[in-house]
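Visitor: I'll drop the sequence and a predicted model, then ask my questions.
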Amino acid sequence: MRENSLLAPHRAVVNTPKTHEGTIIAPAPNVMWGTDMTLTVTTGEGKASVFAAVDHCTWECLGIHASKRGTRFEALEPIRQAVKARFGAYSKGVAVDLTVRHDNGTQYLSDHFQRELAYLGIKASPAFVREPEGNGMIERFFRILKEQLLWVRHFATIEELRLALLDFKERYNTAWIMERHGYKTPRQAFEAYQAVSAAA
């Protein structure tokens, strides 16, 4: 079929130098967050989409959500949770100096999602096409989430899944030991950064 030009057209892959150089680990909390949607989870009520947001410094899960439809509105829910938790309010310009890394999914490139980030004062940072490393922090979190929850438990309803995700978020933040943080949990790492910032 290739020899006779019968294959369906597709976007050509252009080999260019990697644009992301160095590290995607942020130097302090609330500098960069990562957000994405992971696999569709099958429940007794049908399929559900799972969304999350993590801090690129502490690796703390800041927001997590499940819904029947994976829309741009649902994609914002982890960001809403994170903004309220970290900044104490959800209002115009409350998160200036924060960047949110996301992939090129339609939910994240939509006008609605981008306008909401701009309203909050957040700078959008889309990962480059075919360079998943640029959104690697949230991808690694999803691997942990799948191995520890999504692949080992059945959920009768989407609401049961949503509540299980919120429970996992709390257990992960307070009990998941990370070598990168000197064997502290994400929550302990955040508190350590806060203590240093308060002393400065």
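Guide: Right, received. Where do you want to start?
Visitor: burial check on the closest residue to A89 other than its chain neighbours, number of neighbours?
Guide: Counting by C-beta to C-beta, 6 or more residues apart in numbering, A89 lies nearest to V83, which is 7.9 Å off, once chain neighbours are set aside. Every residue, glycine included, has its C-beta placed from N, CA and C. By other C-beta atoms under 10 Å, 26 other residues sit near V83.
Visitor: could I get the full set of helices for this protein?
Guide: Assigned by DSSP state H, the chain shows helices spanning 72-75, 77-87, 106-109, 111-120, 136-145, 158-175, 186-199.
Visitor: of all the ones you listed, which one is nearest I25?
Guide: With respect to I25, and counting by C-beta to C-beta, the nearest of the helices of the chain is helix 136-145 at 7.7 Å.
Visitor: could I get that closest one in PDB with only the CA atoms?
Guide: Extracted in PDB, the C-alpha atoms of helix 136-145 (Å, rounded to 0.1, in the frame of the first residue of the first chain):
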ATOM      1  CA  GLY A 136       6.800  14.300  32.600                       C
ATOM      2  CA  MET A 137       6.000  15.300  36.200                       C
ATOM      3  CA  ILE A 138       2.200  14.600  35.800                       C
ATOM      4  CA  GLU A 139       2.900  11.600  33.600                       C
ATOM      5  CA  ARG A 140       5.000  10.000  36.400                       C
ATOM      6  CA  PHE A 141       2.300  10.800  39.000                       C
ATOM      7  CA  PHE A 142      -0.200   9.100  36.800                       C
ATOM      8  CA  ARG A 143       2.000   6.000  36.700                       C
ATOM      9  CA  ILE A 144       1.900   5.900  40.500                       C
ATOM     10  CA  LEU A 145      -1.900   6.500  40.500                       C
END
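Visitor: which positions in that helix come out as buried?
Guide: Buried residues in helix 136-145, counting neighbours by 16 or more other C-beta atoms under 10 Å, are found at 136-139, 141-142, 145.
Visitor: how about these, which pair is most distant?
Guide: Taking C-beta to C-beta, the two most distant members of the buried residues of helix 136-145 are G136 and L145; they sit 14.6 Å apart.
Visitor: okay, now the unreliable bits of this protein?
Guide: 9-22, 129-133, 200 (pLDDT under 70).
Visitor: which one of the helices of the chain lies nearest to L62?
Guide: Here helix 77-87 is closest among the helices of the chain (C-beta to C-beta), at 3.4 Å.
Visitor: so which other helices or strands are in contact with that closest one?
Guide: strand 32-43, strand 46-55, strand 61-67, helix 111-120 (3 or more C-beta pairs under 8 Å, 6 or more residues apart in numbering; DSSP states H and E).
Visitor: now the residue most central in space within the chain. Nearest residue, chain neighbours left out?
Guide: Nearest to the geometric centre of the chain sits T35, at 2.2 Å (C-alpha atoms, centre = their mean). In space, and not counting its chain neighbours, T35 is closest to A53: 4.3 Å by C-beta to C-beta, 6+ apart.
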